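[1] 3D, please:
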Amino acid sequence: MKIRILCFISIVFCTKIFASERELPIGRLHGIGFSLEKNGVSILSHKNFYYHDSNLKIEKISSDIYELTVSVYLQKTQGSKALSDNRVDRYKVIWNTDFMGALINEKNEYKRDQSEFLLSNDTLIIKSQIADSGVIETQSYTIAK
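    Purely as a prediction, here's the structure:
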């Protein structure tokens, strides 16, 4: 009887470890920076601005669908007018490894864009190639522990 209980506990423990679902970090992440490039040449980055602030809010909708809300605030120079923008998209997440995968935008207008993500230590990096222009946008966020 004791062996059966021990086996049952072992199975439950192993199932919990090995069958745990991979997921993107849920909640609000603070932006570290961004860059735009085309044909390997840098076009623009957060370093070109006097002030840059961005946030990414991630909500899990279903097992493989996430809603990402990006909020950006930019100011080119100290005296210039500040610009802000918000965008909400839903993505299907396809995991390639435990730390990286693809993001497939559910909006038809962005279906041709190619996006991928990388979870590295305390950072989430999202890289997207815009189909119409060929511009590659990279955004980095700190994952709060």
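
[2] can you pull out the strands in the protein?
    27-38, 41-45, 51-60, 65-75, 83-95, 100-105, 114-120, 123-129, 136-142 (DSSP state E).

[3] Just send the ones you listed back as TSV, with mean pLDDT too.
    Compiled in TSV, these are given as follows (pLDDT from 0 to 100):
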stretch	mean pLDDT
strand 27-38	97
strand 41-45	96
strand 51-60	97
strand 65-75	97
strand 83-95	96
strand 100-105	97
strand 114-120	96
strand 123-129	97
strand 136-142	97
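
[4] now those as a markdown table including distance to residue 21 and mean neighbour count?
    The way it works is simple: take the backbone N, C-alpha and C, and place the C-beta from them, glycine included. Below are the strands of the chain laid out as a markdown table (distance: least, CB to CB, whole Å; neighbours: other CB atoms under 10 Å):
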| stretch | distance to residue 21 | mean neighbour count |
| --- | --- | --- |
| strand 27-38 | 17 | 16 |
| strand 41-45 | 34 | 12 |
| strand 51-60 | 10 | 16 |
| strand 65-75 | 13 | 16 |
| strand 83-95 | 10 | 14 |
| strand 100-105 | 13 | 17 |
| strand 114-120 | 14 | 16 |
| strand 123-129 | 17 | 17 |
| strand 136-142 | 21 | 18 |
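
[5] any idea how far residue 97 is from residue 142?
    21 Å (CB to CB, to the nearest Å).

[6] now swap in residue 23 and tell me
    In this view, residue 23 and residue 142 are 18 Å apart by CB to CB.

[7] just residue 116 next, same as before
    According to CB to CB, residue 116 stands 19 Å off from residue 142.

[8] do the same with residue 126
    13 Å.

[9] now swap in residue 88 and tell me
    For residue 88, the distance to residue 142 - CB to CB - is 21 Å.
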